[in-house]
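S.K.: Fold the following.
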Amino acid sequence: MVLSAMLSVAVVPPASGAGADAMYELPLLPGHTTSSAEAMNESGDVVGFSLDANGDGFLVRWGADGSLTPLQAVGGGTGGHAVKIADDGTVAGFTDTPDGVRHAARWNAAGVLTRLEEPPGYVQGEAQDINNARVAVGQLSTDTATIPVRWGPDGRATALRLPPQAHGGTATAINERGEIAGYVSVPGEKTRAVRWDIAGRVHDLGSLGGSDSQPSAINERGTVAGRATDAGGTWKAVLAPLGKKVKALPSQDPGARSVSVNNADVVVANVKDRSLRWSGTGTGVGTTELQVLRGTGSTFVRGINDAGTSVGTSGEFAVTWDAQGRVSALPVPAGVDTADPIAIDATGRVAGNVGSSRAWPVRWRAAVWR
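M.R.: Below is the predicted model:
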């Protein structure tokens with residue numbers, strides 16, 4: 001069964017700014033059967049894949065009006081991977097050349113590819129994030145080492161400073177001021193969380209006593225969020241406000257993953273089969289468990305916007321949660337019985353993927369809720 005035949009609406013209307021009240025399917029490239037949304041910006045643009053009948057994925061960008069733009073590939077390849085889209089439609093990620101080597105890349109709003117600089121000696125790279133000034137961050141690698149890198153708007157690479165004894169690392173996130181979060185490798189640990197300020201100085205964010213720290217986001221306050229292992233090797237969600245070290249957030253089970261933070265320092269993450277929300281500072285941090293939709297089991301939160309609304313899944317259903325953790329199902333047309341939202345913007349628009357278990361394998365389609 002082809003999913004497009006089941007959806008009642010296929011034209012994306014202008015955004016109303018009033019939150020999500022209906023679902024709209026995003027178009028495919030000609031002859032393609034499946035698609036996947038990967039990221040969304042605050043302008044309502046979405047980036048992801050359109051896949052042909054052989055399962056080969058081609059990177060595309062959908063405009064807020066539902067328009068479809070293919071992203072240029074290298075040497076006849078099928079694209080790459082997009083990790084972030086800036087508000088002007090610039091996409092950051094990486095592309096694979098036909099010989100299988102991965103290279104950091106950027107695409108403009110017209111889909112034109114720019115390979116980001118790899119200085120002599122570096123053979124591959126990945127962009128992990130980009131801000132609205134089109135400054136990207138990520139990593140470059142030789143056969144033996146990986147270093148954290150910042151690429152300017154001109155695509156030129158600058159190696160980020162390492163703390164004493166560190167021998168490599170990765171930049172994972174950048175905010176609009178140009179502050180960067182990431183991790184470095186140091187003796188006795190696999191990864192250790194750091195923050196680079198706008199002057200390029202590196203600040204050690206500490207650890208929970210374990211061997212891994214993995215920052216996933218930095219907000220406009222300079223607060224870093226992510227996860228780290230404690231002395232027993234258990235993953236915990238952590239937060240490091242500007243000028244402070246990482247600390248584990250309270251009242252959580254082992255196994256934290258998919259940690260997000262908004263610009264008010266409100267954090268959401270998943271622990272085992274539960275989704276939690278933390279707000280407040282210092283010893284006054286409050287923990288809220290996000291509700292389960294009636295008749296479903298586990299939840300999985302994907303992100304949070306600055307209005308405090310979270311998005312994710314409860315069972316097979318796409319849902320949002322308000323600031324009190326109350327759950328609401330996102331609407332889907334007849335025939336759709338599984339959904340996976342991936343992002344929510346400041347107005348409440350949601351991007352994600354939908355499908356039907358009546359067909360196997362499931363033919364996923366990229367969609368937006370507005």
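S.K.: wait, what's in contact with Asp87?
M.R.: 41-43, 132 (C-beta atoms under 8 Å, 6 or more residues apart in numbering). Just so you know, the C-beta spots here come from the backbone N, C-alpha and C atoms, and that holds for glycine as well.
S.K.: Ok, Ile304 next?
M.R.: Residues counted as contacts of Ile304 (C-beta under 8 Å, 6+ apart) are 260-262, 266-268, 277, 310-311, 344.
S.K.: Break down the stretch 51-200 of the chain into its strands, ranges please.
M.R.: Secondary structure of the stretch 51-200 of the chain (DSSP state E, counting those that start in this stretch): strands at 57-62, 68-70, 80-85, 91-96, 102-107, 113-115, 124-130, 136-141, 146-151, 157-159, 169-174, 180-184, 192-196.
S.K.: Rebuild these as a markdown table, extending it with distance to Val319, mean pLDDT and mean neighbour count.
M.R.: What follows is the strands of the stretch 51-200 of the chain, written out as a markdown table (distance: least, C-beta to C-beta, whole Å; pLDDT from 0 to 100; neighbours: other C-beta atoms under 10 Å):
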| stretch | distance to Val319 | mean pLDDT | mean neighbour count |
| --- | --- | --- | --- |
| strand 57-62 | 22 | 93 | 24 |
| strand 68-70 | 27 | 95 | 17 |
| strand 80-85 | 23 | 93 | 23 |
| strand 91-96 | 27 | 94 | 26 |
| strand 102-107 | 31 | 94 | 24 |
| strand 113-115 | 36 | 93 | 16 |
| strand 124-130 | 26 | 97 | 24 |
| strand 136-141 | 31 | 98 | 25 |
| strand 146-151 | 36 | 97 | 24 |
| strand 157-159 | 41 | 97 | 16 |
| strand 169-174 | 26 | 98 | 24 |
| strand 180-184 | 28 | 98 | 28 |
| strand 192-196 | 31 | 97 | 25 |
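S.K.: Which of the ones you listed sits closest to Gly352?
M.R.: Closest to Gly352 of the strands of the stretch 51-200 of the chain, according to C-beta to C-beta: strand 57-62, at 12.4 Å.
S.K.: Just want the angle from the closest one to strand 80-85.
M.R.: 30 degrees (axes from the mean of the first three to the mean of the last three C-alpha atoms, to 10 degrees).
S.K.: what sits opposite Arg274 in the beta ladder?
M.R.: Arg274 forms beta bridges with Val271, as assigned by DSSP bridges.
S.K.: one step back: which of the contacts of Asp87 has the largest number of neighbours?
M.R.: Asn41 (23 neighbours; other C-beta atoms under 10 Å).
S.K.: if I pick the residue nearest to that one when sequence neighbours are not counted, what's in contact with it?
M.R.: Closest residue to Asn41 apart from its sequence neighbours, by C-beta to C-beta, 6 or more residues apart in numbering: Ile85 at 4.5 Å. Residues in contact with Ile85 (C-beta under 8 Å, 6+ apart) are 39-41, 45-47, 61, 91-92, 130.
S.K.: Closest one of those residues to Trp364?
M.R.: Of those, the one sitting nearest to Trp364 (C-beta to C-beta) turns out to be Val46, at 13.9 Å.
S.K.: wait, doesn't the closest one sit right on Trp369?
M.R.: No. Val46 lies out of contact with Trp369 (C-beta atoms under 8 Å); the separation is 11.4 Å.
S.K.: Quickly note the distance from Asp88 to Arg134.
M.R.: Between Asp88 and Arg134 the computed distance is 8 Å (C-beta to C-beta, to the nearest Å).
S.K.: Tell me which of these two has more neighbours.
M.R.: Arg134 (18 against 13).
S.K.: who's in contact with the more buried one?
M.R.: Contact analysis of Arg134 by C-beta under 8 Å, 6+ apart lists 86, 88, 90, 106, 153.
S.K.: Tell me the spacing between the fourth one and Gly89.
M.R.: As defined by C-beta to C-beta, Arg106 lies at a distance of 11 Å from Gly89.
S.K.: Pro27 too?
M.R.: Distance from Pro27 to Gly89, by C-beta to C-beta: 17 Å.
S.K.: Same check on Leu26?
M.R.: Taking C-beta to C-beta, one finds Leu26 at 15 Å from Gly89.
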